[in-house]
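Participant: Quick one, fold the following:
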Amino acid sequence: MAPRSRPRAGAVARLLVPLAVAAVALLGAGCSRQPAPAAVTTTRPSDRNGWRLVWWDDFDGTAVDARRWTAEDRSTFGDGNEELACLLDRPANVSVARGVLHLTARREPVPLPCGFDTRFPAGRSYSSAMLTTATTAAWTYGRFEVRARTPTAAGVSQGLWPAFWLRPVDEGDGELDVMEILGSGPSGSPTGSPTGGSPTGGAPAGGTRPTTIPTTRPPGRSTPPTGTAEDSPGQAPTPTRFTGPGTEGSAAAPGLPTPSTSGSSPTTSATTPPDPSSGSASPTPSAPPGPGAVHQGVWHDYTGRVAHQGTAVRVPSGDPADGMHVYAVEWRPQEIRWYIDGRLTWSRDTATTPWLVDAFTRPFYLRLNLAVGGTWPGAPDRTTRLPASLDVDWVRVYQPAGARGTSAPTDPATPTGSTSPTRPTAPSTAPSSPPR
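Facilitator: Prediction:
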């Protein structure tokens, strides 16, 4: 038999390279955190009538951009509402594909340990996701938009609760709910209650938004995940100026035009640019709570001393679960307006809401999440289709065109010309906040 010839060095290299790539892939498969996003060149979306785009994310990469967002990880955020999911930063719950962000709720086949978890020490049966800009970006006043499809199809979404909302960076008074939608079961209504619900699955009938929260912790607040200072005094971030990919301008913009405060009915004028696609200056009529209702509202505080103000409306056409819809809010010094698909749906001003200025005069950041369970939506049941995802096409933040280059006196802005986001730092003294 002729001796076997020795392979050439080049042939050996060609064999080893695929093996090395496979080994690296196997090592990375056990990591729960999101991979670092690849650099993506995106086209800046257009400004709109009277508003200048200052921050955006079109989700054109392959993972969440950490320069824009922070994903909660091993977090029990939401325990104040008796929510059920462990919030995770892993591809199974947070993913980006084909220009769409997916925040996915799942049933876990094995109970999942979740940080410092006193409610479910043996682990949680559900997982989900939340993104925030708490440590990356915040603004005082502006127009905030999300284009999204919600997993709230009637009859098969009991216990799901997608939301797009804003909170102040000092975690004190004020909450601005741009969009909250409750899933439903075969009965056609959520099974939650404003005052109770069992974290083990059962929940009394109800399903209306509570005007007070029966807990010493505000809605959404929770036992902080291990290794974080979420609720630690003095650890709340302060606002700053952000530039670079997906950002322009400052964290706060004074000098906005002052809108009319003559009542709750919105008006249009030269100093208050209308939504260009709005078909009417009259708000869309409120809708009774039920499948497809979009909840919009404001909170002064979480103690119950000031009543929550909110409404429930329908999308102009279709259903939030049928396709992408744009949910927007315009926050001005003395007025807040809500829109769905370009149509004005609700407004509050200093006449309807005397405490508006008190609660909404400092930088707020974005929260985008898919909650599972809680006293309001109730727990999922056997009819709930899981996994289920909140699908987000884009998020955009605008400020008035005339506010370019300005910042509030309280904004420790980075020097002009900075080309990368700056992480907010903790204030020197602990901010005032609701009771924990």
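Participant: so where's the stretch 201-350 of the chain shaky on pLDDT?
Facilitator: Applying pLDDT under 70 to the stretch 201-350 of the chain flags the ranges 201-290.
Participant: repeat that for 50
Facilitator: Along the stretch 201-350 of the chain, the model assigns pLDDT under 50 to residues 201-281.
Participant: Tell me who's in contact with Thr361.
Facilitator: By CB atoms under 8 Å, 6 or more residues apart in numbering, the contact set of Thr361 is 140, 333. In short, each C-beta sits where N, CA and C put it, glycine included.
Participant: can you map out the helices along the protein?
Facilitator: Secondary structure of the chain (DSSP state H): helices at 9-29, 356-359.
Participant: Show me the beta-bridge partners of Ser128.
Facilitator: Beta bridges link Ser128 to Leu87 when assigned by DSSP bridges.
Participant: I'd assumed His102 was in contact with it.
Facilitator: No: if you go by CB atoms under 8 Å, Ser128 and His102 don't touch, sitting 11.3 Å apart.
Participant: where among the helices of the chain is the average confidence lowest?
Facilitator: Among these, helix 9-29 carries the lowest mean pLDDT, at a mean of 45.
Participant: just to revisit the earlier point, between Ser128 and His102, who's got more neighbours?
Facilitator: Ser128 (33 against 19; other CB atoms under 10 Å).
Participant: how far away is the more buried one from Arg332?
Facilitator: From Ser128 across to Arg332, the span is 33 Å (CB to CB, to the nearest Å).
Participant: and what of Ala97?
Facilitator: For Ala97 relative to Arg332 (CB to CB), the value is 36 Å.
Participant: Compare those two and say which is more crowded by neighbours.
Facilitator: The neighbour count for Ala97 versus Arg332, taken as other CB under 10 Å, is higher for Arg332 (19 against 12).
Participant: What separation do you get for the more buried one and Thr361?
Facilitator: 11 Å.
Participant: same question, Arg48
Facilitator: For Arg48, the distance to Thr361 - CB to CB - is 24 Å.
Participant: swap in Arg149?
Facilitator: Counting by CB to CB, the gap between Arg149 and Thr361 amounts to 33 Å.
Participant: what's the burial count for Asp341?
Facilitator: 18.
Participant: try Pro91
Facilitator: So Pro91, with other CB under 10 Å, has 17 neighbours.
Participant: any idea how far it is from Thr118?
Facilitator: As judged by CB to CB, Pro91 and Thr118 stand 28 Å apart.
Participant: Spell out the residue ranges of the strands in the stretch 251-400 of the chain.
Facilitator: 294-299, 309-313, 325-332, 335-340, 343-349, 364-372, 388-400 (DSSP state E, counting those that start in this stretch).
Participant: Flag the shaky bits of the stretch 1-150 of the chain, pLDDT-wise.
Facilitator: Along the stretch 1-150 of the chain, the parts satisfying pLDDT under 50 run over 1-13, 15-31, 37-39, 41.
Participant: please redo it, this time with the cut-off set to 70
Facilitator: In the stretch 1-150 of the chain, residues with pLDDT under 70: 1-42.
Participant: quick one: the strands in it?
Facilitator: 51-57, 70-71, 85-87, 94-97, 100-112, 124-132, 142-149.
Participant: okay, the ones you listed, which one's buried deepest?
Facilitator: Among the strands of the stretch 1-150 of the chain, strand 85-87 has the highest mean neighbour count (mean count of other CB atoms under 10 Å), at a mean of 31.
Participant: Check what pLDDT Gly188 gets.
Facilitator: Reported pLDDT for Gly188: 76.
Participant: ok, how many other residues are close to it?
Facilitator: That count, for Gly188 with other CB under 10 Å as the rule, works out to 10.
Participant: got it, and Ala92?
Facilitator: Ala92 has 13 nearby residues by other CB under 10 Å.
Participant: quick thing: my sequence starts at 798, can you match it?
Facilitator: Taking 798 as the first residue, the last one we looked at is Ala889.
Participant: if I pick it, what's in contact with it?
Facilitator: Counting by CB under 8 Å, 6+ apart, the residues that Ala889 touches are 901, 903, 924.
Participant: Which strand residues bridge the first one?
Facilitator: Meaning Thr901. Under DSSP bridges, the beta-bridge partners of Thr901 are Ser1186.
Participant: now Trp962
Facilitator: What pairs with Trp962, by the bridge criterion (DSSP bridges), is Asp974, Arg1164.
Participant: How much space separates it from Asp857?
Facilitator: Distance from Trp962 to Asp857, by CB to CB: 24 Å.
Participant: Now do the contacts for the nearest residue to Phe1157 once chain neighbours are set aside.
Facilitator: Of all residues not flanking Phe1157 in the chain, Gly971 sits nearest, at 5.5 Å (CB to CB, 6 or more residues apart in numbering). If a contact means CB under 8 Å, 6+ apart, then Gly971 has 964-965, 1095-1098, 1156-1157, 1159, 1161 as its contacts.
Participant: Name the member of these with the shortest distance to Arg865.
Facilitator: Nearest to Arg865 among the contacts of Gly971 is Phe1161, at 15.8 Å by CB to CB.
Participant: Tell me how far the closest residue in space to the closest one that isn't next to it in sequence lies from Thr1149.
Facilitator: Nearest residue to Phe1161, sequence neighbours excluded (CB to CB, 6+ apart): Leu963, at 4.1 Å. Using CB to CB, Leu963 is found at 19 Å from Thr1149.
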